[in-house]
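# No sequence on hand, only this structure:
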């Protein structure tokens with residue numbers, strides 16, 4: 001039993017010991033919230049009825065429970081759906097045992113013309129893609145929406161619900177043995193609550209986003225967050241770069257390593273993030289070890305991988321010599337105390353601007369990406385040029401990003417003296433002039 005499975009079993013036992021019932025309290029009283037006990041679907045006949053119900057509505061709430069730490073593709077254990085007239089839990093295990101395909105069920109959710117409500121749904125949507133064989137066309141991620149409407153990023157479903165309604169949702173079974181059968185009443189209650197409140201949350205957040213003029217931002221960021229996690233090395237490199245900006249030579253090493261980890265993950269039937277976590281890829285790209293004995297010193301690489309594939313990792317790094325990785329200079333401005341102080345002050349101003357306009361700052365930008373961009377701004381300034389937030393070799397935002405409209409234009413104006421950082425105090429915290437903040441958010 002690996003560490004994560006052992007931890008999952010411990011939390012499973014603890015949750016069942018402390019929460020023996022399906023729900024500790026009555027559901028929140030609202031017309032958009034089902035008060036019924038979720039139907040557990042285990043037969044083709046019941047599934048056909050559910051599919052017909054899904055297809056009769058333009059919006060469906062969708063979630064899954066899975067074991068993701070043991071295989072290349074997550075092991076699907078439960079699918080939860082909620083429509084205005086149904087609350088159901090589809091158990092895939094009896095269908096799998098009987099040789100029944102769930103493709104039609106997944107297609108009923110994903111087919112064009114239907115809005116799919118998820119919360120932090122990247123893996124859920126990947127499962128839907130594989131099951132349906134089509135790309136979902138309209139997905140609304142309530143975690144993304146909340147971060148654009150005065151809530152932190154990332155916020156749990158329970159946090160969003162409590163912020164919007166004051167109702168506290170029990171979340172005892174987040175990490176549990178979802179492949180155990182029979183599922184306990186507490187597991188079933190938890191699973192049902194993951195979709196029970198989604199229509200209400202969607203309705204309330206949609207109203208807030210519309211009032212703020214941010215509906216399009218939420219749609220755009222939902223698409224970005226829920227992009228297919230099928231192997232996309234450039235997408236993975238963008239994610240790495242947002243976490244820790246890498247120079248050209250380091251990026252070449254990282255590209256080779258993300259390709260290698262994908263191949264090793266498939267070979268060993270392991271999640272790619274377990275084979276080589278992003279933190280390990282970044283450290284390897286920076287340190288560029290040249291002998292296999294050094295691989296075991298890199299934090300996060302499983303012993304099994306380090307032992308069997310240290311030579312593969314070293315070879316992948318060595319193959320990047322053509323881009324002169326050993327001659328990849330750092331930016332000297334990083335050691336300039338005055339420039340670093342300016343960067344700190346401007347970063348703080350951006351954080352305050354985000355907070356006072358209802359944006360989660362850590363969804364807008366990372367400190368590392370911001371610093372790299374500001375160094376390029378200083379270099380341009382010394383050449384007598386001005387650099388926008390989507391310009392240069394290290395842009396803060398890419399062209400077309402909603403962040404340019406949200407804060408980029410303000411940031412550029414703040415730098416050239418045409419914009420100000422102004423705040424007023426409200427019972428819920430700081431607010432920029434022209435914005436209003438609901439109590440409790």
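Perfect, thanks for sending it. Please read all numbers here as calculations on a predicted model, not as lab measurements.
# Near residue 352, how many other residues are there?
Using other CB atoms under 10 Å, residue 352 has 15 other residues around it. The way it works is simple: take the backbone N, C-alpha and C, and place the C-beta from them, glycine included.
# ok, it - contacts?
Contacts here follow CB atoms under 8 Å, 6 or more residues apart in numbering; on that basis residue 352 touches 421, 423, 430.
# Apart from its chain neighbours, what residue comes closest to the first one?
To tie it back to what came earlier, the one meant is residue 421. residue 349 (5.3 Å; CB to CB, 6 or more residues apart in numbering).
# For the one you found, give its distance to residue 356.
Using CB to CB, to the nearest Å, we find residue 349 at a distance of 11 Å from residue 356.
# which of these two has more neighbours?
Legend: neighbour count by other CB under 10 Å for residue 349 and residue 356, higher for residue 356 (20 against 15).
# Could you find the closest non-adjacent residue to that one?
Among residues not flanking residue 356 along the chain, residue 432 sits closest, at 4.1 Å (CB to CB, 6+ apart).
# likewise residue 363?
Closest residue to residue 363 in three dimensions, ignoring its sequence neighbours and counting by CB to CB, 6+ apart: residue 153, at 4.1 Å.
# need the contact list for that neighbour.
With contacts defined as CB under 8 Å, 6+ apart, residue 153 is in contact with 143, 146, 147, 360, 362, 363.
# my read: the second one touches residue 161, true?
No. Distance between residue 146 and residue 161: 9.9 Å, which falls outside the contact criterion (CB atoms under 8 Å).
# Leaving aside the residues adjacent along the chain, what's closest to residue 38?
residue 192 (3.7 Å).
# Can you tell me which helices and strands the host helix or strand of that neighbour packs against?
Taking DSSP states H and E as the criterion, residue 192 maps to helix 185-196. Packed against helix 185-196, as judged by 3 or more CB pairs under 8 Å, 6 or more residues apart in numbering; DSSP states H and E, are the following elements: strand 59-67, strand 75-83, strand 86-90.
# avg pLDDT for the last one?
This predicted structure assigns strand 86-90 an average pLDDT of 98.
# Check which element follows that strand along the chain.
Toward the C-terminus from strand 86-90 - assigned by DSSP H and E - lies helix 92-97.
# Domain parsing of this protein, as residue ranges.
As recorded under automatic domain parsing, the domains making up the chain are 3-225, 233-327, 332-431.
# what about those, which gets the closest to residue 437?
When those are compared by CB to CB, domain 332-431 sits nearest residue 437, at 5.0 Å.
# can you give me how far that closest one is from the chain middle?
23 Å (CA atoms, centre = their mean, to the nearest Å).
# What is the end-to-end distance of that domain?
With CA to CA, to the nearest Å as the measure, the ends of domain 332-431 fall 37 Å from one another.
# same check, this time on stretch 107-125
Taking CA to CA, the span from the opening residue of stretch 107-125 to its closing residue is 12 Å.
# One more: stretch 93-109?
Taking CA to CA, stretch 93-109 runs 19 Å from one end to the other.
# Give me the three-state assignment for the residue of the chain most remote from its centre.
Going by CA atoms, centre = their mean, the residue of the chain most distant from its centre is residue 384, 39.5 Å out. Using DSSP: H, G, I helix; E, B strand; the rest coil, the three-state assignment for residue 384 comes out as coil.
# per-residue pLDDT, it?
Residue 384 is assigned a predicted lDDT (pLDDT) of 95.
# In stretch 236-249, which residues are buried?
Of the residues in stretch 236-249, those with enough neighbours to count as buried (16 or more other CB atoms under 10 Å) are 236, 237, 240, 241, 244, 245, 246, 247, 249.
# Give me the subset of the residues you listed lying in helices.
Cross-referencing the buried residues of stretch 236-249 with the helices (criterion: DSSP state H) gives 236, 237, 240, 241, 249 as the overlap.
# hang on, the residue nearest to residue 421 is in a helix, isn't it?
Yes. Residue 349: assigned to a helix according to three-state DSSP.
# Report the separation between it and residue 418.
As defined by CB to CB, residue 349 lies at a distance of 14 Å from residue 418.
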